[in-house]
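Student: return atomic coordinates for the entry below.
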Amino acid sequence: MLTYDAECSLKLDRQKAVKFLTTSRDILELGAYFYILTKDESLFVRQVAQLKAYYQDHRDILEDSPRMLHLIGIYLTYLLSRNMLSKFHIELEMLEEKDRENIHVAMAIQIEQRMMEGSYRKIILGAKENKSRYLTHILNRLIEAIRGKLMDCATKAYTECSIESLKEIFIIENQGEVVDLIKEKSKITFRDEEKRSMSTTLFSKNNVRIDDILHYATEVEQII
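Tutor: As a prediction, this is how the structure comes out:
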């Protein structure tokens, strides 16, 4: 049977351990925020990997960090921006049901659902309304990835296209951004004003409409 002194010693040791682990966890969390703000994704991922030990293995002695679900939500969104859907679902399965209802985690889940539905407009418009500086870089990368998929589909279907139609396809309001995007990543040529005025409906050599492009992109995503 433990003596009184031994019991006190164990309590003190436990307190020291909790303080040490809490401090270590705090440092890793602040590091994760720093790396995501500086757009260093590899180091951000490394910090999150180290934090999992504190969030999972030491959960029996440590209280949940107030930053935990925020960082997990950012990490899940990062996985989506990299199209790492299998990893996303593995990480999601490791969370308790109540954790999935957290606003930061729920946002990542909603983005993934919209990706599966092909609701790219909702994703992009939602990303543009983001007010969190910690998500800005990742959401910009997600938008870039979505437009990359749409670009692949449009390039296969179109050889000539009006700027207004391309703005609708890529969900870009600024005409200059559309022009730069096409010149950089596609061989699609712009339809001139005379041809554009002759028809308000966009056709390609295969008579593919804009809606068909978006539908095709959705089907490709679901297959992948």
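Student: and stretch 86-100, how far out from the chain middle?
Tutor: Relative to the chain's own centre, stretch 86-100 is displaced by 15 Å; criterion: Cα atoms, centre = their mean, to the nearest Å.
Student: over to stretch 146-160?
Tutor: Here stretch 146-160 is found 21 Å from its chain centre; the criterion is Cα atoms, centre = their mean.
Student: switch to numbering from 49
Tutor: Sure thing, new numbering starts at 49, so read that last one as stretch 194-208.
Student: so for that stretch, mean pLDDT?
Tutor: Averaging pLDDT along stretch 194-208 yields 77.
Student: nearest spatial neighbour of the most centrally placed residue in the chain, skipping sequence neighbours?
Tutor: Centroid check for the chain by Cα atoms, centre = their mean gives Thr125 as the closest residue, at 3.0 Å. Nearest residue to Thr125, sequence neighbours excluded (Cβ to Cβ, 6 or more residues apart in numbering): Ala156, at 4.7 Å. Quick note: C-beta positions are derived from backbone N, CA and C, even for glycine.
Student: residues in contact with that neighbour?
Tutor: Residues near Ala156 by Cβ atoms under 8 Å, 6 or more residues apart in numbering: 121, 124-125, 128, 136.
Student: out of the residues you listed, which are inside strands?
Tutor: If you go by DSSP state E, the contacts of Ala156 have nothing in strands.
Student: closest to Asp200 out of those residues?
Tutor: Leu128 (18.0 Å; Cβ to Cβ).
Student: just the element for the closest residue to Ile219 other than its chain neighbours, please.
Tutor: The spatially closest residue to Ile219, leaving aside those adjacent along the chain, is Ile172, at 4.8 Å (Cβ to Cβ, 6+ apart). According to DSSP states H and E, Ile172 maps onto helix 168-176.
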